[in-house]
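1. how does the following fold in three dimensions:
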Amino acid sequence: MNLIAKVRVCKRPHPEMNHKPSLRGGGLSRKLSRFHSGGEYAAGMGVSVSVLASGSRGNSALVQSSSTRILVDAGISCRETFKRMKQAGEDPHALSAIVITHEHSDHVAGLLVLARKLGVSVFMTGATHQAWSRAVRDATGESPDTKRVEFFASGRSFQVGDIAVTPFTIPHDAADPVGFTFRSEGIKIGMATDLGYMPASVRDHLRCCDVLVLESNHDLEMLRVGPYPWSVKQRVGSRTGHLSNKALAEFFAGDYDGSASYIVLAHLSEQNNHPEVAKREAETALEARRSLWHNRVELATQAQAMQPIRL
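-> The predicted model follows:
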């Protein structure tokens, strides 16, 4: 199937939702606008995604529709989460839910306090909850409150407000790690970080996305000569570790369907990567496929929230 045919397939609304017509038009006729202050985003203006923090010291992102706001992971402190949301013009108390990819501390460090303060539902798999609860007990001597915890299973979609959330299994050394796609108002957002390689199942879930947030963790040579102990280097570079710039570029050059208008490179290593290196390798792979020139590559950082992408 050629690229044009694939884009046409991507226009079909999700069968589980009553979508508005898609705005996708091969990247040329898409009606996108990107606002650089959160206050300009009023209710009823569509779907957005913003990465609040990304990296080994904490990960968190915000996906929202006109009426629903979902926090994806809570790897930074409650105070810092509030700060970064407010800087983007968003009210933390307006969050509808928190969804968790896996139990590693850089994805849940702020979850306990955040969930208590906001009183919103927290969605995770049963195995992730067990691993997280065990870590909380070891650290504090008490078990976390489970009244607001909702469990999901990988591969089974669930609904938060008007956003359909589909979790899918990713290869990582955690109890039951997942990536997510989010669908609302004819828009699809895909997120996949903390995965050692890109299996066919993950590639399938990432088709037809308007925005992709994908891991570009390390440069292979920088990892090889970098300061990490050999055991850590082996873990990072393994098939249950983290995705390299090269592996992501191979995805862009091969199986990527070209549907996204925005690609966000996330979870960059501060020791074993450089933003310009990661971006150059991704853009080179995309430019090699002339039909994908419209894909815009953005960088998520550890130190500050990226400007929201509005669709």
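2. quick check: longest helix of the chain.
-> The longest helix of the chain (DSSP state H) is helix 126-140.
3. tell me the buried residues in that helix?
-> Under the neighbour-count criterion of 16 or more other Cβ atoms under 10 Å, helix 126-140 has 127-129, 131-132, 135-136 buried. C-betas here are computed from N, CA, C, even on glycine.
4. what is the nearest of these to H205?
-> Of all the buried residues of helix 126-140, H205 sits closest to T128, with 18.1 Å by Cβ to Cβ.
5. relative to S216, how far out is that closest one?
-> Distance, T128 to S216, using Cβ to Cβ, to the nearest Å: 24 Å.
6. and if you look at V120?
-> 30 Å.
7. of those two, who's got more company?
-> The neighbour comparison of V120 against S216 (other Cβ atoms under 10 Å) goes to S216, with 31 against 20.
8. quick check: bridge partners of the residue nearest the centre of the chain?
-> Central residue of the chain (Cα atoms, centre = their mean): M191, 3.1 Å from the mean position. Counting by DSSP bridges, M191 is bridged to F180, V213.
9. does it touch F168 like I think?
-> No - the pair M191 / F168 is not scored as a contact, 10.2 Å apart, by Cβ atoms under 8 Å.
10. quick check: neighbours shared by the two?
-> Each of 179-181 lies in contact with both M191 and F168 under the rule Cβ atoms under 8 Å, 6 or more residues apart in numbering.
11. now the residues you listed in JSON lines, with neighbour count?
-> Listed next are these as JSON lines, based on neighbours: other Cβ atoms under 10 Å:
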{"residue": "G179", "neighbour count": "26"}
{"residue": "F180", "neighbour count": "24"}
{"residue": "T181", "neighbour count": "22"}
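12. tell me the one of these nearest L112?
-> L112 has its nearest neighbour among the shared contacts of M191 and F168 in F180, at 21.2 Å by Cβ to Cβ.
13. do you know the pLDDT at that closest one?
-> Note on F180: pLDDT of 99.
14. identify the residues contacting it.
-> 72, 99, 101, 165-168, 190-191.
15. repeat that for A53.
-> Counting by Cβ under 8 Å, 6+ apart, A53 makes contact with 59-60, 75-76, 80, 84, 301-302, 305.
16. the residues you listed in helices, which ones?
-> Checked against DSSP H, those include these in helices: 80, 84.
17. list the contacts of the residue nearest to the centre of the chain.
-> In this structure, M191 makes contact with 61, 72, 101, 179-182, 212-214, judged by Cβ under 8 Å, 6+ apart.
18. list the buried residues of stretch 208-223.
-> Residues 208-219, 222-223 are the ones in stretch 208-223 that count as buried (16+ other Cβ under 10 Å).
19. do a quick rundown of the helices in the stretch 1-150 of the chain.
-> For the stretch 1-150 of the chain, helices defined by DSSP state H, counting those that start in this stretch occupy the ranges 3-10, 78-87, 105-108, 111-118, 126-140.
20. narrow the contacts of F180 to just the buried residues.
-> 72, 99, 101, 165-168, 190-191.
21. which of these lies closest to S65?
-> Checking the buried ones among the contacts of F180 against S65 with Cβ to Cβ, the nearest one is V165 at 11.5 Å.
22. hmm, who's touching the helix or strand where the closest one lies?
-> Assigned by DSSP states H and E, V165 falls within strand 163-169. For strand 163-169, contacts defined as Cβ under 8 Å, 6+ apart pick out 14, 16-17, 63, 65, 68, 70, 99, 123, 125, 152-159, 176-184, 201-202, 205.
23. tell me which stretches of the chain form strands.
-> 48-53, 60-64, 69-72, 97-99, 121-124, 149-151, 158-160, 163-169, 178-184, 187-192, 211-215, 262-266, 296-299, 309-310 (DSSP state E).
24. which residues does I70 contact?
-> For I70, the contacting residues are 62-64, 95-99, 160, 163, 165, 182, by Cβ under 8 Å, 6+ apart.
25. make JSON lines out of these and add distance to G89.
-> Output for the contacts of I70, formatted as JSON lines (distance: Cβ to Cβ, whole Å):
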{"residue": "L62", "distance to G89": "11"}
{"residue": "V63", "distance to G89": "16"}
{"residue": "Q64", "distance to G89": "11"}
{"residue": "L95", "distance to G89": "14"}
{"residue": "S96", "distance to G89": "17"}
{"residue": "A97", "distance to G89": "20"}
{"residue": "I98", "distance to G89": "20"}
{"residue": "V99", "distance to G89": "22"}
{"residue": "V160", "distance to G89": "21"}
{"residue": "I163", "distance to G89": "20"}
{"residue": "V165", "distance to G89": "24"}
{"residue": "F182", "distance to G89": "20"}
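26. nice, that's everything, thank you.
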